[in-house]
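Undergrad: coords below, sequence missing:
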């Protein structure tokens, strides 16, 4: 060791490290690494180009009309429009977020602020993360064999009894396969995302903020409301948007419980389709114009996903970089 | 007079204070209720999987693995397919993921690095069906052929962003003192990275890889139009092949004979669930060991 | 009469000063004993400084005075701390009430970054709600005047608190603490993050506040203690069991010029720490 430090020149030539060859090695290695980083950009570009290319027929045929058309008829009229699926995606994702958001943030607050004993906090954290790891198809199977019968036999009739006068709970047309069922399953699937990210964001709120609030004579909830949540708000919104992004892109579990209908309307018991589930259901037999239509659905899905993801990352990133840092 | 005397009457305690305490207790209750609401479906899913899956798997083990389900074929073939697909996904995803993560950590503190990082984050949110449809377009439409390669490509697309991000995070954590130590010894930069920095970050990188694998092992949507599934088992990389997650989906969503298909599906669910749980636990284990070693 | 214990409303008026008496206080972080057997009197309308080398437990002791110590999981206290005649640690006494009466200013200024200047000042008042005849803007103005900050912010009350300089932020935190009209104000090294000019302003402020409040200030700066305080308490780590103990306390002049304990003398003459 000592020799190496005191006689770098001699050692390096005899070891063959450093010097002329080393510099070449450095440049080469950096070049290779840069190549792979560049590859990411290439992959992203190829992804976008592929989808654009394949959706060209319907893109050019319908233009913006694709997004506003309600008709999706591959068999008789050969007309294609995305609106029913945009509707399905929005309704299921937003409903899921509504259900999962509040509850997810509540759990995150519980885990961080309530000073629970380790024997409770660690298993609960672990279980919530385990929920995140369960594959979509397993949720789908659970959805088909457990949730749908439950909805069909107990929940839907009850809801219809109480709220049937509203347009949202009309007749159960598709035997349990519905927007509502899909939203419920989605909610269960995105709760871990909300909880995990919110928990990280809330944990990062500096203790001196909590102390400042407590020192003024605040109860724990007042401290959370006055100091923790305002500070963490951008990050929590980011968590919610990320969860929304997940819900938007979720395919298999939704396909298995949503009913695969073309539908726009207020009845939550009606079957429908999301952008993702329509692609999954139809891609197999699709050709020509319908295929292009499906690719255009994928394009819309991709753009929505990217936008949500980018926006969310910005928000979460801004919190962890300390927006509004003091002094 | 600048400092006012504390003469304004102030009230301590009383009605308002009681109300504040009551609200505090109420909100604590709401938080606990949230945890209960979240844990109920979790237990419901877990209990269901074990209740249906375990007997289906263990009750007829190992014959259930070779039971020919009309919808999806044999589970053992599906398992083979899943493992092969994971391998292909790694071939696609690992070099890109690890090397780009390395790039971002070591050379990437610049504008270009920011763009790459952002793109990787965006690709991390790529919906699985979109990954599938891209692979469908690139490999299936062109060769007029469903194949394991196409599935591997789709899964690789889903895998690499996770690996990129976790690799970058872990390599960044390696203390600069180690890098400087290597350079001070006269070791060139690239050797320092390869033989000093990478080994230090290795368990973290492995954790990221395992988590990436766990994610793609359970994916179904990207496989529907790339590998298609194959009732005759795993016959080749350029052929349509079965996969565990796909078999489950096919058996439940489009069963040919429910009496045969469903039991196989349940066993498959148990198998897949076990696979994913084991991988996740493995990842945790590796991460925990790293924490212990680091002290 | 026991306002902190019962929820009976108690109007508090008058300008009588408030004192504290710490009796045989022991503080723990779980199994770790950090403050041992401290007995200390804080006279009304005085500034009491707590000095000592790092790690001697002075901040911990300070946090026991407004029950902020126990917020940390596993931390607890044994002994009595009297605010006027009431023990703040008496069973049934609510820490939330205590903290309303014993305010705190922290080492690093910690205004709420998402709130404006005036919202920061009023943050504490908002908790207990509007009293009859109270105008929030007037309360805020008074508190900001008392904290020697009014002139510098009166034209931009709605600006975010983070727009202020470090010294201004600290005075904002003082204003925030004053707005709720506590009996006692605790200050944990309030100037250590500030530049010398800002420090001077805060020290001047402390001198003015003394007439209407009782102040306890922890400082590692002996000269500051000598400038600012009426009484001084010197703490140190006991070599035997590594706990923090109160070595000596008394009028500031006495502590610095004629200390009774050799350890005190060593410290104030700069022989260590």
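TA: Now that the structure is in, tell me what you want to look at. No experiment lies behind these values; they were computed from the predicted model shown. Numbers count the residues shown, from 1 in each chain, chains lettered A, B, ... in the order given.
Undergrad: wouldn't residue B:64 be in contact with residue B:267 here?
TA: Yes: between residue B:64 and residue B:267 there is a contact at 4.7 Å, judged by C-beta atoms under 8 Å. For the C-beta atoms, the positions are set from N, CA and C on the backbone; glycine is no exception.
Undergrad: hey, what's residue A:79 bridged with?
TA: residue A:73 (DSSP bridges).
Undergrad: What of residue C:76?
TA: Beta-bridge pairing for residue C:76 (DSSP bridges): residue C:28.
Undergrad: What's the per-residue pLDDT of it here?
TA: pLDDT recorded at residue C:76 is 94.
Undergrad: quick one, what contacts it?
TA: Residue C:76 makes contact with C:27, C:28, C:70, according to C-beta atoms under 8 Å, 6 or more residues apart in numbering or on different chains.
Undergrad: Distance-wise, check it relative to residue C:69.
TA: 8 Å (C-beta to C-beta, to the nearest Å).
Undergrad: coming back round to it: for residue A:190, state which of the contacts of residue C:76 is nearest.
TA: Residue A:190 lies nearest to residue C:70 out of these, by C-beta to C-beta, at 37.3 Å.
Undergrad: contacting residues around the closest one?
TA: C:76, C:77, C:95.
Undergrad: Count the neighbours of the closest residue to residue B:123 other than its chain neighbours for me.
TA: Counting by C-beta to C-beta, 6 or more residues apart in numbering or on different chains, the nearest residue to residue B:123 once its immediate chain neighbours are dropped is residue B:161, at 4.6 Å. Applying other C-beta atoms under 10 Å in any protein chain shown, we find 25 other residues in the vicinity of residue B:161.
Undergrad: residues near residue C:158, how many?
TA: Neighbours of residue C:158 under the rule other C-beta under 10 Å: 9.
Undergrad: Which helix or which strand is home to it?
TA: Using DSSP states H and E, residue C:158 sits in no helix or strand.
Undergrad: I'd say it and residue C:118 touch.
TA: Yes: with contact defined as C-beta under 8 Å, residue C:158 reaches residue C:118; the gap is 6.6 Å.
Undergrad: still on that earlier bit, overlap of the contact sets of residue C:76 and residue C:69?
TA: With C-beta under 8 Å, 6+ apart, residue C:76 and residue C:69 have common neighbours residue C:27.
Undergrad: show me what contacts residue A:38?
TA: Residue A:38 neighbours (C-beta under 8 Å, 6+ apart): residue B:116.
Undergrad: element containing the closest residue to residue A:217 other than its chain neighbours, please.
TA: What sits nearest to residue A:217 in space, not counting adjacent residues and going by C-beta to C-beta, 6+ apart, is residue C:100, at 3.2 Å. Residue C:100 belongs to helix C:95-101 when assigned by DSSP H and E.
Undergrad: residues making contact with that helix?
TA: Applying C-beta under 8 Å, 6+ apart, the contact partners of helix C:95-101 are A:214-219, B:12-13, B:17, B:20-21, C:3-4, C:18, C:66-68, C:70, C:83, C:88, C:124, C:128, C:180, C:182-184.
Undergrad: that older thread, what do residue B:64 and residue B:267 both touch?
TA: Joint contacts of residue B:64 and residue B:267 (C-beta under 8 Å, 6+ apart) are B:56, B:57, B:75.
Undergrad: Highest neighbour count among those?
TA: Highest neighbour count within those: residue B:75, with 26 neighbours (other C-beta under 10 Å).
Undergrad: pLDDT value on that one, please?
TA: pLDDT recorded at residue B:75 is 84.
Undergrad: what do you get for the one 3 residues further on?
TA: Among the per-residue scores, residue B:78 holds a pLDDT of 87.
Undergrad: Is it in contact with residue B:246, as I believe?
TA: Yes: assessed by C-beta under 8 Å, residue B:78 is found in contact with residue B:246 at 7.2 Å.
Undergrad: shared neighbours, the two?
TA: In contact with both residue B:78 and residue B:246: residue B:72, using C-beta under 8 Å, 6+ apart.
Undergrad: residue ranges with poor pLDDT in chain C?
TA: Along chain C, the model assigns pLDDT under 70 to residues C:1-15, C:129-133, C:273.
Undergrad: where's the spatially most central residue of chain A relative to residue A:196, distance?
TA: Centroid-nearest residue in chain A: residue A:246, 1.7 Å away (criterion: C-alpha atoms, centre = their mean). For residue A:246, the distance to residue A:196 (C-beta to C-beta) stands at 11 Å.
Undergrad: what residues are up against the residue of the stretch 151-273 of chain C found nearest chain A?
TA: Nearest to chain A in the stretch 151-273 of chain C, going by C-beta to the nearest C-beta, is residue C:166, at a distance of 4.9 Å. Shown in contact with residue C:166 (C-beta under 8 Å, 6+ apart): A:327, C:109, C:193, C:194, C:195, C:198.
Undergrad: Which strand or helix spans residue B:270?
TA: Residue-wise, residue B:270 maps onto helix B:258-294 under DSSP H and E.
Undergrad: Does that helix reach chain A?
TA: Yes: counting by C-beta under 8 Å from any C-beta of the partner chain, contacts between helix B:258-294 and chain A involve B:265, B:269, B:272, B:273, B:276, B:277, B:280.
Undergrad: In terms of secondary structure, what does that helix contact?
TA: Contacts defined by 3 or more C-beta pairs under 8 Å, 6 or more residues apart in numbering or on different chains; DSSP states H and E place helix B:258-294 against helix A:118-133, helix A:136-142, helix B:15-59, helix B:63-66, helix B:75-106, helix B:198-217, helix B:244-253.
Undergrad: which parts of it are buried?
TA: B:260-273, B:275-277, B:279-280, B:282-283, B:286-287, B:290 (16 or more other C-beta atoms under 10 Å in any protein chain shown).
Undergrad: for stretch B:68-85, same thing?
TA: Quick answer for stretch B:68-85 (16+ other C-beta under 10 Å): B:69-82, B:84-85.
Undergrad: Now do the SS call for the nearest residue to residue C:217 once chain neighbours are set aside.
TA: The shortest distance from residue C:217 to any non-neighbouring residue, by C-beta to C-beta, 6+ apart, is to residue C:187 (4.3 Å). On the three-state scheme (DSSP: H, G, I helix; E, B strand; the rest coil), residue C:187 is labelled strand.
Undergrad: Is there a neighbour count for residue C:187? I'd like the number.
TA: Using other C-beta under 10 Å: residue C:187 sits among 28 other residues.
Undergrad: From chain B, how far off is it?
TA: Taking C-beta to the nearest C-beta, to the nearest Å as the measure, residue C:187 falls 16 Å from chain B.
Undergrad: beta partners of that residue?
TA: Bridge pairing for residue C:187 - DSSP bridges - gives residue C:105, residue C:217.
Undergrad: thought it was touching residue C:216?
TA: Yes: using C-beta under 8 Å, residue C:187 is in contact with residue C:216, at 7.1 Å.
Undergrad: Just name the closest of the shared contacts of residue B:64 and residue B:267 to chain C, please.
TA: residue B:57 (43.0 Å).
Undergrad: Quick check: closest non-adjacent residue to the most centrally placed residue in chain C.
TA: Compute the mean C-alpha point of chain C, and by C-alpha atoms, centre = their mean the closest residue is residue C:186, 0.4 Å away. In this structure, residue C:186 finds its nearest non-sequential neighbour in residue C:104, 4.5 Å apart by C-beta to C-beta, 6+ apart.
Undergrad: thought that neighbour was touching residue C:189?
TA: No: the pair residue C:104 and residue C:189 fails to qualify as a contact (C-beta under 8 Å) at a distance of 11.7 Å.
Undergrad: what does the stretch 151-300 of chain A have sitting close to chain B?
TA: Within reach of chain B by C-beta under 8 Å from any C-beta, the stretch 151-300 of chain A has these residues: A:188, A:191, A:195, A:219-222, A:224, A:242, A:245-246, A:248-252, A:255-256, A:276, A:279-280, A:283-284, A:294-295, A:298.
Undergrad: So which of those belong to helices?
TA: Using DSSP state H to define helices, the subset of those located there is A:188, A:191, A:195, A:220-222, A:242, A:245-246, A:248-249, A:252, A:255-256, A:276, A:279-280, A:294-295, A:298.
Undergrad: Show the buried residues in those.
TA: By 16+ other C-beta under 10 Å, those give A:188, A:191, A:195, A:220-222, A:242, A:245-246, A:248-249, A:252, A:255-256, A:276, A:279-280, A:294-295, A:298 as buried.
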